[in-house]
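**Student:** pasting the sequence and the predicted model now:
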Amino acid sequence: MNMQKGFNSDITVRGKSYHIQTEDWGMQNPFLVSRIFCNGAVLKTIKTPYESVLRLGSSQTQEAIKLALRRQHSTIIDALMADGAV
């Protein structure tokens, strides 16, 4: 099974610029990891284990990882846009 490509977004909230990076660490290290950066510094890391987002061994595993990756990335952006908190 291949690792999924990640997502990178740059957003500005209340005058502050953030970079959000979400990546799949693959089956050898089964986590979806998002990092929120501001001025090059990591403000927060969100690490979600595969087991909490999919049923391992399912024929839909790749698609489930891709969806979970997109959902995690979008949720972080939505939270930042809503209240600017990290």
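**Tutor:** Nice, thanks for sending it over.

**Student:** which intervals of the protein have sub-threshold pLDDT?
**Tutor:** 1-3, 55-59 (pLDDT under 70).

**Student:** and the strands in the chain, which stretches?
**Tutor:** Along the chain, the segments classed as strands by DSSP state E run 7-13, 16-24, 31-38, 41-49.

**Student:** closest one to Lys66 among the ones you listed?
**Tutor:** With C-beta to C-beta as the measure, strand 16-24 is the member of the strands of the chain nearest Lys66 (8.4 Å). C-beta here means a position set from N, CA and C on the backbone, and glycine is covered the same way.

**Student:** name the residues of the closest one that are buried.
**Tutor:** Tyr18, His19, Ile20, Gln21, Thr22, Glu23, Asp24 (16 or more other C-beta atoms under 10 Å).

**Student:** how many other residues sit next to the nearest residue to the second one once chain neighbours are set aside?
**Tutor:** Right, the one you point to is His19. The shortest distance from His19 to any non-neighbouring residue, by C-beta to C-beta, 6 or more residues apart in numbering, is to Phe37 (4.3 Å). For Phe37, the neighbour count with other C-beta atoms under 10 Å is 16.

**Student:** do the same with Leu32
**Tutor:** Neighbours of Leu32 (other C-beta under 10 Å): 25.
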